[in-house]
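# Structure, please.
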Amino acid sequence: MIPLVPEEASTFAGSVDALAWALIGLSAIGFVLVTTLLVTFSIRFRAQPRRGPTNVADANLERNPHGIALEVAWSIIPFVIFISAFAWGATLFVTMRRPPDNALQVFAVGKRWMWKTQHLEGKREINSLHVPVGQPVRVTLTSEDVIHSFFVPAFRVKQDAVPGRYTDLWFEAIRPGRYHLFCAEYCGSQHSRMIGEVVALEPAEYQSWLAGEAGAAVSMADAGRDLFTQLGCPTCHLPAAGAARGPDLVGLFGKTVHLTDGREIVVDESYVRNAILDPASQVVAGYQPIMPTYKGLVSEEGLLQLIAYIKSLQAAAGTNAASPPADRANASPEAAGGAG
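Numbering: from 1, shown residues only. Got it, this is the predicted structure:
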């Protein structure tokens with residue numbers, strides 16, 4: 001038998017279904033009510049020989065036969081219903097858009113016609129994503145070519161993967177199993193073949209899988225550090241370089257920096273990506289726009305590895321910030337972070 005809806009395999013799948021069924025039920029009630037009244041009134045008040053009112057009272061009754069109370073009721077009741085549905089949906093939307101702080105971080109890159117996923121421990125997968133049961137998982141998405149859409153029906157999550165930017169979603173699997181992973185955005189002639197699976201494992205099994213399959217793999221942070229060195233980035237961006245020509249990256253991620261054009265921006269995944277590919281667009285105050293672009297030289301996976309490495313520098317950040325270079329003496333403290 002074909003089930004009416006996919007199984008509920010995430011913490012908020014039941015909430016999504018409840019909202020959907022409530023909206024369907026309200027729509028069905030409205031349809032039946034309007035249709036019933038339409039048919040009843042069409043029969044009850046069908047055209048008959050017209051007779052003019054005999055006095056002013058009859059004339060007023062003919063213009064408003066049910067009084068003001070009914071008009072207020074059929075305005076207020078639908079308003080309350082619609083606002084309640086909106087508040088319910090908005091609350092659920094906000095919950096689904098805010099991953100918990102303890103969420104496990106994984107990355108997914110869409111490419112015609114596959115999903116390439118990567119774990120912080122270094123394990124890479126194609127059209128597959130292993131996750132532990134009972135732990136929130138945050139998936140950071142991007143695309144190498146066109147818009148794709150990461151869709152796991154059993155988890156009731158769907159998010160577009162957009163070229164040139166990062167998006168994310170999160171979920172928490174509630175039972176072990178293998179769940180379909182689709183691309184829900186038409187991406188070309190073989191779109192229908194872009195199918196994978198999310199494999200939910202018990203925590204102990206997941207750790208065994210990581211140890212067995214990813215034990216010899218290089219973590220994303222380590223791979224990012226190697227790429228960081230190969231590209232010559234330490235020359236400008238690490239304290240060991242002496243009078244650095246670029247912002248110190250240690251402890252930078254998550255801070256707010258001031259740019260030369262007066263903007264303030266938070267150093268997140270998108271900021272770091274743009275700083276690597278288009279550094280002249282967001283130069284930190286106190287520095288010169290001398291950083292070259294690495295567009296076309298670093299793959300999407302490489303960008304994610306560099307971001308993981310810069311995030312790992314948070315642990316290396318001491319209680320005292322590095323002393324600013326001489327040409328930044330008049331810059332604000334926040335200008336100690338940034339890129340370009």
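
# Mind jotting down where the helices sit in this structure?
Taking DSSP state H as the criterion, the chain contains helices spanning 13-44, 56-63, 68-97, 203-213, 220-230, 234-237, 269-277, 300-312.

# any chance of those in CSV, plus mean neighbour count?
Any C-beta I mention is one placed from the backbone N, CA and C, and that applies to glycine too. Below are the helices of the chain laid out as CSV (neighbours: other CB atoms under 10 Å):
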stretch, mean neighbour count
helix 13-44, 12
helix 56-63, 10
helix 68-97, 11
helix 203-213, 13
helix 220-230, 18
helix 234-237, 17
helix 269-277, 20
helix 300-312, 22
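
# what's the closest of these to Tyr179?
helix 13-44 (10.6 Å; CB to CB).

# between that closest one and helix 68-97, how many degrees?
160 degrees (axes from the mean of the first three to the mean of the last three CA atoms, to 10 degrees).

# Tell me which other helices or strands helix 13-44 touches.
helix 68-97 (3 or more CB pairs under 8 Å, 6 or more residues apart in numbering; DSSP states H and E).

# mind checking how far the helix it packs on is from the chain centre?
Distance, stretch centre to chain centre, for helix 68-97: 26 Å (CA atoms, centre = their mean, to the nearest Å).

# For it, name the packing helices and strands.
Applying 3+ CB pairs under 8 Å, 6+ apart, we find helix 68-97 packed against helix 13-44.

# ranking the helices of the chain by mean pLDDT, which is last?
Ranked by mean pLDDT, these bottom out at helix 56-63, which scores a mean of 53.

# right, so of the helices of the chain, which gets closest to Pro289?
Using CB to CB, the nearest of the helices of the chain to Pro289 is helix 269-277, at 11.4 Å.

# now the angle from the closest one to helix 300-312?
Counting by the same axes, to 10 degrees, helix 269-277 points 120 degrees away from the direction of helix 300-312.

# got the contact list for helix 269-277?
140, 165-166, 253, 265, 281-282, 291, 293-295, 298, 303, 306-307, 310, 338-340 (CB atoms under 8 Å, 6 or more residues apart in numbering).

# Tell me how many other residues crowd Arg178.
Here the count is done by other CB atoms under 10 Å, and Arg178 has 11 residues near it.

# So, low pLDDT: which residues of the stretch 51-200 of the chain?
By pLDDT under 70, the low-scoring segments of the stretch 51-200 of the chain are 51-67.

# Would you map the strands across it?
Remark: strands assigned in the stretch 51-200 of the chain by DSSP state E, counting those that start in this stretch are 104-111, 114-119, 124-126, 128-132, 137-143, 148-152, 157-161, 167-171, 177-183, 195-201.

# which strands and helices sit next to the third one?
The reference is to strand 124-126. Using 3+ CB pairs under 8 Å, 6+ apart: strand 124-126 touches strand 114-119.

# what sits against the residue most central in space within the chain?
The centroid of the chain falls nearest to Asp168 when counting by CA atoms, centre = their mean (2.9 Å). By CB under 8 Å, 6+ apart, the residues touching Asp168 are Pro99, Arg138, Val139, Thr140, Leu141, Gln159.

# Need the buried ones from the contacts of helix 269-277 selected in PyMOL.
Here is the PyMOL command that selects the buried residues among these (16 or more other CB atoms under 10 Å):
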select buried, resi 140+166+253+265+282+291+294+298+303+306+307+310+338+339+340
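
# wait, doesn't Val133 sit right on Pro203?
Yes. With contact defined as CB atoms under 8 Å, Val133 counts as touching Pro203 (6.7 Å).

# on that earlier part again, looking at the helices of the chain, which is closest to Trp113?
Nearest of the helices of the chain to Trp113, taken as CB to CB: helix 300-312 at 15.7 Å.

# circling back: of the contacts of Asp168, closest to Trp21?
Taking those together and measuring to Trp21 by CB to CB, the closest member is Gln159, at 22.9 Å.
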